[in-house]
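In: coords below, sequence missing:
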C-alpha cells in the first residue's frame, strides 16, 4: 500500500495497459501506412511496366514516415500525455496512473518522455526490466526506478 492509501497497480493491469498503448501506436501506424501507400500505389500502378528506382526510394520514405508517425504517437501517449495527466490511454482504460514516489504528483511532460525513453532503452534489455515488478517490493520497473515513479490505482 502506498502512503496515499492507494494500492500499487497489479502486474496484469499494467500489462494490459501496456498492450493497449502498443495497439494505439500500431493503429496510428496502420492509418499512416494507408494514407501514404495509396498515393504511392497509384503512382506505381500508372507507371506501367517495371517500377522505377524513384518508386523504390518513395517506398522507403513512406516506411520511414510510418515508423516515425507510430513512434511519435507512442511517445505522445506514454510520454507527454502520461507525464502531464498521470495516464496514457491504456492506463486510463485500466484505471491506473503514474505518480512521483516523493509526493504523489504527476511526473510532468519532460520526465514522462524520459520515462518512456528509458522503458525502451533500459527495460527492454532481455525484457527483464518489464518483469522486475513481479518481485520488487513497490512493483516498479527499471524505468520507474530511474525516474522515481510508481504505478498505482487511480483515485
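Out: Alright, I've got the coordinates. Computed from a prediction, not measured in an experiment: that's the story for all the values here.

In: From now on I want contacts and neighbour counts done on CA atoms only, so please keep to that.
Out: Noted.

In: who's in contact with residue 121?
Out: The neighbourhood of residue 121, defined by C-alpha atoms under 8 Å, 6 or more residues apart in numbering, contains no residues.

In: how near is it to residue 142?
Out: In this structure, residue 121 and residue 142 are 10 Å apart, going by C-alpha to C-alpha, to the nearest Å.

In: do residue 18 as well
Out: For residue 18, the distance to residue 142 - C-alpha to C-alpha - is 15 Å.

In: same check, this time on residue 99
Out: Residue 99 is 15 Å from residue 142, by C-alpha to C-alpha.

In: Compare the two and say which one has the larger neighbour count.
Out: The neighbour count for residue 99 versus residue 142, taken as other C-alpha atoms under 10 Å, is higher for residue 99 (24 against 21).

In: tell me the phi and psi of that one?
Out: Note on residue 99: backbone dihedrals following degrees, to the nearest 10 are phi -140, psi 160.

In: In this structure it contacts residue 151, no?
Out: Yes - if you go by C-alpha atoms under 8 Å, residue 99 and residue 151 touch, sitting 6.5 Å apart.

In: In this model residue 77 seems to touch residue 89, though I could be wrong.
Out: Yes - Residue 89 sits in contact with residue 77 when judged by C-alpha under 8 Å, with a separation of 6.7 Å.
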